[in-house]
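S.K.: I'd like to go over a predicted model; first the sequence, then the structure.
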Amino acid sequence: MKVIIIEDEVPAAEKLNTALLQCDENIQVIAILSNVAASIEWFERHPMPDLIFMDIELSDGLSFKIFESVRLSCPVIFTTAFDEYWQEAFEHNSIDYLLKPVSSEKLALSLKKFHQLQQHFAANFQQLMQSQKDGGTGSMRRRFLVKRGSDYITIKTEDIAYFFATHKLVCLVDKDNHKFILDKSLAELEKEVDAALFYRVNRKYLVNISSIKKIKAYPKSKLHLELEPPVSEEIIISQEQAAAFKEWIEG
């Protein structure tokens with residue numbers, strides 16, 4: 001079982017690492033990351049682990065920022081000294097929320113909970129997380145209200161080509177290449193649209209499958225996408241994400 005620890009306090013990270021190995025000899029801690037930036041970079045370059053242990057208050061901000069930049073598809077156990085984040089934590093793949101100092105008993109119970117969920121929902125974990133985020137309704141956004149000049153108009157979700165992030169702004173681009181600024185992050189939009197139709201291909205783009213004009217092979221087993229309407233920059237899918245993207249394309 002491959003595990004990631006995200007913790008900015010070295011003693012706490014080492015203690016958790018030791019405690020995990022004592023709880024389960026099958027655990028392999030493959031990385032210990034100390035901040036938001038390092039975590040984002042790691043996830044962009046490596047396959048998803050089976051489980052993440054994540055502190056919340058890191059040296060460069062709250063760990064929730066990680067979810068705004070990368071698509072995490074594995075469960076998370078949050079470990080923190082603060083209790084005020086528990087509700088937000090369960091909006092971000094959380095299966096447990098442990099307050100520091102974490103006892104070996106509580107750690108063992110969290111791992112047991114993970115294994116139970118894994119047994120029952122391994123094949124459908126992403127759908128389970130999405131269901132929790134949607135409040136169990138499974139409802140998707142059917143339209144977006146956007147501003148055009150001094151007026152507001154609605155755009156049907158199926159008429160959206162892609163969303164992209166630039167200079168701390170997120171834009172909606174429709175199939176006629178009209179651009180509209182939204183007051184949402186890509187991570188929030190990813191939760192609201194149909195996962196069968198939209199895919200987060202990298203940190204900057206969330207694309208509609210119908211807007212993908214061409215998929216090309218790229219060096220080092222990466223993929224290069226051409227979109228319609230076209231964009232001025234290269235859209236590259238990393239080697240680690242390529243297999244998941246192909247599976248999504250095939251439906």
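M.R.: Alright, I've got the coordinates.
S.K.: which residues of the chain fall in helices?
M.R.: Remark: helices assigned in the chain by DSSP state H are 10-23, 36-45, 66-69, 86-89, 104-121, 125-133, 186-192, 239-250.
S.K.: CA atoms only: put stretch 243-251 into PDB for me.
M.R.: Below are the C-alpha coordinates for stretch 243-251, written out as PDB (Å, rounded to 0.1, in the frame of the first residue of the first chain):
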ATOM      1  CA  ALA A 243      -3.500   6.300 -18.900                       C
ATOM      2  CA  ALA A 244      -6.400   7.700 -16.900                       C
ATOM      3  CA  PHE A 245      -7.200  10.200 -19.700                       C
ATOM      4  CA  LYS A 246      -7.300   7.400 -22.300                       C
ATOM      5  CA  GLU A 247      -9.600   5.400 -20.100                       C
ATOM      6  CA  TRP A 248     -11.900   8.400 -19.700                       C
ATOM      7  CA  ILE A 249     -11.900   9.000 -23.500                       C
ATOM      8  CA  GLU A 250     -13.000   5.400 -24.000                       C
ATOM      9  CA  GLY A 251     -15.800   5.900 -21.600                       C
END
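S.K.: so where's the protein uncertain?
M.R.: Low-confidence segments of the chain, defined by pLDDT under 70, are located at 120-139.
S.K.: Domain ranges for it, per the record?
M.R.: 2-133, 143-250 (automatic domain parsing).
S.K.: can you put those domains in TSV and add mean neighbour count?
M.R.: For every residue, glycine as well, the C-beta is placed using N, CA and C. Putting those into TSV (neighbours: other Cβ atoms under 10 Å) gives the following:
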stretch	mean neighbour count
domain 2-133	17
domain 143-250	15
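S.K.: picking that back up, of all the helices of the chain, which lies closest to Arg148?
M.R.: Of all those, it is helix 186-192 that lies closest to Arg148, at 18.9 Å by Cβ to Cβ.
S.K.: Using CSV, list the CA coordinates for that closest one.
M.R.: Output for helix 186-192, consisting of C-alpha atoms alone and laid out as CSV, is shown next (Å, rounded to 0.1, in the frame of the first residue of the first chain):
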residue,chain,number,x,y,z
LEU,A,186,-11.3,25.0,-11.6
ALA,A,187,-11.5,22.6,-8.7
GLU,A,188,-15.0,23.9,-7.9
LEU,A,189,-16.1,23.7,-11.5
GLU,A,190,-14.7,20.1,-11.7
LYS,A,191,-17.1,19.1,-9.0
GLU,A,192,-20.1,20.7,-10.7
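S.K.: same for it, what does it pack against?
M.R.: Other elements packing on helix 186-192 under the criterion 3 or more Cβ pairs under 8 Å, 6 or more residues apart in numbering; DSSP states H and E are helix 66-69, strand 160-166, strand 198-200, strand 205-208.
S.K.: Name every strand pairing with the shortest one and say which way it goes.
M.R.: Neighbouring strands of strand 198-200 in its sheet, by DSSP bridges, are strand 205-208 (antiparallel).
S.K.: Which one of the helices of the chain lies nearest to Arg203?
M.R.: Counting by Cβ to Cβ, and looking across all of the helices of the chain, nearest comes helix 66-69 at 5.0 Å.
S.K.: Identify all contacting residues around the closest one.
M.R.: If you take Cβ atoms under 8 Å, 6 or more residues apart in numbering as the criterion, helix 66-69 is touched by 6, 36, 39-40, 43, 54, 72, 92-93, 185-187, 203.
S.K.: just to revisit the earlier point, kindly reformat the helices of the chain as JSON lines containing distance to Thr80.
M.R.: Putting the helices of the chain into JSON lines (distance: least, Cβ to Cβ, whole Å) gives the following:
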{"stretch": "helix 10-23", "distance to Thr80": "10"}
{"stretch": "helix 36-45", "distance to Thr80": "14"}
{"stretch": "helix 66-69", "distance to Thr80": "14"}
{"stretch": "helix 86-89", "distance to Thr80": "8"}
{"stretch": "helix 104-121", "distance to Thr80": "13"}
{"stretch": "helix 125-133", "distance to Thr80": "20"}
{"stretch": "helix 186-192", "distance to Thr80": "20"}
{"stretch": "helix 239-250", "distance to Thr80": "28"}
